[in-house]
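Student: Sequence and predicted structure, then a few things I'm wondering about:
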Amino acid sequence: MAKEKARDLRARIALLWGEQDRPTRGPKPSLTPHRIAEAAVALADAEGLDAVSMSRVAAEFDVSAMALYRYVPGKDELVELMVESITAQAPDLSAAGDGWRPQIAEWARQSAKIYRAHPWLLAATAMRRQLMGPNQLGWLDAALAALEPTGLSASQQHRIFVLVAGLVRTHAEQSVDFDEEHNQEWNRLTGELLERHAARFPALTNAIAAGAFAPDTVDPLEFGLDRILDGVQTLIDHA
């Protein structure tokens, strides 16, 4: 069983990296994993990740689902190719300015832009360690390159990357889940509850009265970034 899993992982890595064996004889394949992934991305952008299936993607090319299995073994591999496809352009951080701080902040902004363009990415990368292709590793490499001038240890730089990436993902989750109508109704009902039970929650009641939950004019991503990067600067100063 362990050997089969290892072979499966090697095959999936070869597919992501374009290193799978190609036939040297016979007709040229009419499809490619890249074209299939692009079609699946368009479908997910329009209808969500649940709408993506081998049969639905096959229909985009007017072929049977079985025909797709010549190029992509199954949906798990297809989703990995989709994630790789939308991260095709590693970020150029040089225009953000000199120094680690503006560059890692720009990395976060560009990463957030991908989540906004492809909300299904949250589900595609949830709850498991994702196999990474060269495009995704290019993003990781860019972030670590931006952090190199901090002089912090490699493990510290990696922990900072995880913090920033986690902030971006949390911000994306909040954006996807946000519903203005529901938010207004929640505010109304919560306000009514607190009017009746203010004595039980004095700190919360005082915070609301002081405007803690008023419409925010500060970009939450930028606020979170500033707080994390302020902490990184403190860590640098004490190193």
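Tutor: Here it is on my side, so go on.

Student: Can you show me the helices along the protein?
Tutor: In the chain, the segments counted as helices under DSSP state H are 2-16, 33-47, 54-60, 65-68, 75-86, 100-117, 121-124, 134-147, 154-177, 180-196, 202-209, 220-238.

Student: any idea which of those is most buried?
Tutor: Of these, the one with the most neighbours on average (mean count of other Cβ atoms under 10 Å) is helix 75-86, at a mean of 21. Any C-beta I mention is one placed from the backbone N, CA and C, and that applies to glycine too.

Student: Check which helices and strands it sits against.
Tutor: helix 2-16, helix 33-47, helix 54-60, helix 121-124, helix 134-147 (3 or more Cβ pairs under 8 Å, 6 or more residues apart in numbering; DSSP states H and E).

Student: so where is the chain shaky, pLDDT-wise?
Tutor: Scanning the chain for pLDDT under 70 picks out the ranges 1-7, 20-29, 127-129, 178-179.

Student: Walk me through the domains of it.
Tutor: Listed domain ranges for the chain are 2-86, 94-238 (source: automatic domain parsing).

Student: end-to-end on the longest one?
Tutor: Which is domain 94-238. 27 Å (Cα to Cα, to the nearest Å).

Student: Give me the distance between it and the centre of its chain.
Tutor: Its chain's average C-alpha position is 12 Å from that of domain 94-238, according to Cα atoms, centre = their mean, to the nearest Å.

Student: Just confirm Arg12 contacts Glu77, I think it does.
Tutor: Yes - between Arg12 and Glu77 there is a contact at 5.6 Å, judged by Cβ atoms under 8 Å.

Student: In CSV: the helices of the chain, plus distance to Ser94.
Tutor: Output for those, formatted as CSV (distance: least, Cβ to Cβ, whole Å):
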stretch, distance to Ser94
helix 2-16, 27
helix 33-47, 28
helix 54-60, 37
helix 65-68, 40
helix 75-86, 22
helix 100-117, 8
helix 121-124, 25
helix 134-147, 10
helix 154-177, 18
helix 180-196, 38
helix 202-209, 42
helix 220-238, 18
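
Student: Specify the stretch among those helices that is closest to Leu93.
Tutor: helix 100-117 (4.1 Å; Cβ to Cβ).

Student: Output the contacting helices and strands for that closest one.
Tutor: helix 121-124, helix 134-147, helix 154-177, helix 220-238.

Student: What angle do helix 100-117 and the last one make with each other?
Tutor: Our comparison of helix 220-238 with helix 100-117, counting by axes from the mean of the first three to the mean of the last three Cα atoms, to 10 degrees, yields an angle of 150 degrees.

Student: Quick check: which helices or strands does helix 220-238 pack against?
Tutor: helix 100-117, helix 154-177.

Student: any idea of the angle it forms with helix 154-177?
Tutor: Interaxial angle, helix 220-238 versus helix 154-177 (the same axes, to 10 degrees): 170 degrees.

Student: Contacts for helix 220-238, please.
Tutor: Contact with helix 220-238 is made by 101, 104-105, 108-109, 112, 150-152, 156, 160, 163-164, 167-168, 171, 174, as judged by Cβ atoms under 8 Å, 6 or more residues apart in numbering.
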